[in-house]
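In: Build me a model:
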Amino acid sequence: MTITLNSDYDVTLSTALLGYVGETNARPVSVEGLTVDGADRYVLTIDYGDGVQYEVDITGGQWTPTADILRSAQTVSCQICAKNCQDRNIS
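Out: Predicted coordinates:
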């Protein structure tokens, strides 16, 4: 899957399929267009709607879903966030 953000932060997907239930490390997700001024980290939040959320680091522009992410067959909600961690003491 490729997620592409344009200059207005609108998203297009190459496919709607994130992966199959239980599949692990088989289908990489690429993210293009991560260009927010001042951001030094990008995360993708996946929300299942039942209170379970996963936050994955996509700063490098690629991420591969694991079996815990692909835990059920359903539509999930996703959000990409730009973060600035330079001013914090993060280890």
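
In: is the nearest residue to Gln53 once chain neighbours are set aside in a bridge, and if so with what?
Out: Leaving aside its sequence neighbours, Gln53 sits nearest to Asp47 (Cβ to Cβ, 6 or more residues apart in numbering; 4.9 Å). Just so you know, the C-beta spots here come from the backbone N, C-alpha and C atoms, and that holds for glycine as well. On the basis of DSSP bridges, Asp47 takes part in beta bridges with Gln53, Ser77.

In: From Ile3, how far out is Asp47?
Out: From Asp47 across to Ile3, the span is 15 Å (Cβ to Cβ, to the nearest Å).

In: before we move on, back to that, got the contact list for the residue nearest to Gln53?
Out: For Asp47, the contacting residues are Gln53, Val76, Ser77, Cys78, Gln79, taking Cβ atoms under 8 Å, 6 or more residues apart in numbering as the criterion.

In: Sketch out the low-pLDDT regions of the protein for me.
Out: For the chain, residues meeting the criterion pLDDT under 70 lie at 87-91.

In: Please, where are all the strands along this structure?
Out: With DSSP state E as the criterion, the chain has strands at 2-5, 11-13, 29-32, 41-47, 53-57, 62-63, 77-83.
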